[in-house]
Each structure stands twice: as structure tokens, then as C-alpha cells.
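Q: what follows is a protein structure lacking sequence information:
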């Protein structure tokens with residue numbers, strides 16, 4: 001196994017352990033992400049089309 005693979009594997013393991021220790025932070029981050037996506041979609045729906053063509 002080369003050094004790049006070992007670094008990737010170590011990072012994945014660290015993140016996996018961090019997520020186990022911090023489920024509330026993981027959940028909060030997911031909620032922020034999806035709230036942002038929902039706001040983007042809502043803004044896109046409210047904005048009139050630039051060229052006058054509805055999609």
C-alpha cells in the first residue's frame with residue numbers, strides 16, 4: 001500500500017471515530033446543510049426566469 005492510500009485510510013478512520021464521539025455535531029451540520037439547500041430551492045422558485053421562459 002502506498003503512502004497516499006495510508007493517509008486516506010488514516011483520515012477515514014479518524015473521521016469515523018470523530019462522528020461516533022460527536023453525533024450531535026454531525027446532526028447539526030446535516031440540518032444546516034439541508035436548511036441551506038431548501039432555502040436555495042425556495043429562492044430559485046420565487047425568482048422569475050431571466051429569459052421569460054418557465055422551466
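A: Yes, it's here. This structure is a prediction, so every number in the text was calculated from the model and none was measured.

Q: how about residues contacting stretch 20-38?
A: Contacts made with stretch 20-38 from outside it, assessed by CB atoms under 8 Å, 6 or more residues apart in numbering, are listed as residue 19. Backbone N, C-alpha and C define where each C-beta goes, glycine included.

Q: can we see that at 10 Å?
A: Taking CB atoms under 10 Å, 6 or more residues apart in numbering as the criterion, the residues outside stretch 20-38 that touch it are 18, 19.

Q: any idea of the mean pLDDT for that stretch?
A: The predicted model assigns stretch 20-38 a mean pLDDT of 98.

Q: now it, how far from the centre of its chain.
A: When C-alpha coordinates are averaged (CA atoms, centre = their mean, to the nearest Å), stretch 20-38 and its chain have centres 8 Å apart.

Q: same thing with stretch 13-32?
A: Relative to the mean C-alpha coordinate of its chain, stretch 13-32 is positioned 12 Å out (CA atoms, centre = their mean).

Q: list the buried residues for that stretch?
A: When burial is assessed from 16 or more other CB atoms under 10 Å, stretch 13-32 yields no buried residues.

Q: can you give me the end-to-end span of that stretch?
A: Between the opening and closing residues of stretch 13-32 we find a distance of 24 Å, counting by CA to CA, to the nearest Å.

Q: quick one: the helices in the protein, in order.
A: Shown for the chain, the helices assigned by DSSP state H span residues 3-21, 23-46.

Q: measure residue 22 to residue 16 for me?
A: Between residue 22 and residue 16 the distance is 11 Å, computed by CB to CB, to the nearest Å.

Q: now residue 47
A: Between residue 47 and residue 16 the distance, using CB to CB, works out to 40 Å.

Q: same thing with residue 33?
A: The spacing between residue 33 and residue 16, counted by CB to CB, is 19 Å.

Q: check residue 6 too.
A: The span separating residue 6 from residue 16 equals 16 Å under the rule CB to CB.

Q: repeat that for residue 34.
A: Residue 34 sits 22 Å away from residue 16, taking CB to CB as the criterion.
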